[in-house]
Every structure is written in C-alpha cells, then in structure tokens.
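Enquirer: this one's structure only:
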C-alpha cells in the first residue's frame, strides 16, 4: 500500500482550498509557489490531515507521524509553502524604532 499518494493528494487539495491569493511575485522566482496564510503551520495542517484521515479510516488504524508527514510534504509538494511574515513598518519607521531602542 502506497501511503505517499493520499498524502500528496491531500496537500494539493489543501493548497488549492487554503491558498493565499497574492498577485505579487518576485521577478526572480524560478517556480510558482502556492502560499498558505501565515497563521497556518505544519502542525495545523497535519492536524487537518489527521481529521480528514479518520473520516475515512477506523480510529484504531495507525497514522503516519508528524515528522514523516512533514518530510513527505517537502519531498512531494515543495511548492506549497507558508506566506512569509511581513513587517508593516516602512524603512523610515524601522530606522526610527532602532534609534529609539538604542537611546
């Protein structure tokens, strides 16, 4: 039984449903990334995977570990990533904040 296919399908479907729509991309991006919102984490996506798994499987059936899930994610769907956290401070404000911290 191949466990990688259902995990890949889950991640692709999850990315399609929960992707962050952003028209902005860096010009030097070599690939197309699907970004998830910053509030999501590997753990929260794994928890969703477990919920989904037990909808179609018996509760006594073993499920892959979080670490295996994360490893397979990186190997099979590396373009599914989390939106990088952005600062809401402009460069002038950041500079001023740094000066205040030193003073």
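Expert: Everything's here; your move. Everything numeric in this text was worked out from a predicted model, so none of it was measured.

Enquirer: for the chain, what spans make up the strands?
Expert: With DSSP state E as the criterion, the chain has strands at 34-36, 80-82.

Enquirer: give me the low-pLDDT residue ranges for this structure?
Expert: Low-confidence segments of the chain (pLDDT under 70): 1, 21-31, 86-94, 96-97, 103.

Enquirer: For it, just list every one of the helices.
Expert: In the chain, the helices defined using DSSP state H lie at 4-18, 42-56, 66-76, 91-102.

Enquirer: which other residues reach the first one?
Expert: By C-beta atoms under 8 Å, 6 or more residues apart in numbering, the surrounding residues in contact with helix 4-18 are 34, 36-37, 40, 45, 48-49, 52, 64, 69, 72-73, 76-77, 80. Placement of C-beta: from N, CA and C, glycine included.

Enquirer: at 7 Å instead, please
Expert: Helix 4-18 has contacts (C-beta atoms under 7 Å, 6 or more residues apart in numbering) with 34, 36, 40, 45, 48-49, 52, 69, 72-73, 76-77, 80.

Enquirer: Now it: buried residues?
Expert: 7-8, 10-11, 14-15 (16 or more other C-beta atoms under 10 Å).

Enquirer: Spatially, which two of those are the most separated?
Expert: 7 and 15 (12.5 Å; C-beta to C-beta).

Enquirer: related to what we said a few turns ago, out of the helices of the chain, which gets nearest to residue 84?
Expert: Closest among the helices of the chain, using C-beta to C-beta: helix 42-56, at 14.8 Å.

Enquirer: any idea of the angle the closest one forms with helix 66-76?
Expert: 100 degrees (axes from the mean of the first three to the mean of the last three C-alpha atoms, to 10 degrees).

Enquirer: Quick one: work out the angle between helix 42-56 and helix 4-18.
Expert: Using the same axes, to 10 degrees: helix 42-56 against helix 4-18 is 110 degrees.

Enquirer: rewinding a little: could you dump the strands of the chain into TSV with mean neighbour count added?
Expert: Below are the strands of the chain laid out as TSV (neighbours: other C-beta atoms under 10 Å):
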stretch	mean neighbour count
strand 34-36	18
strand 80-82	17
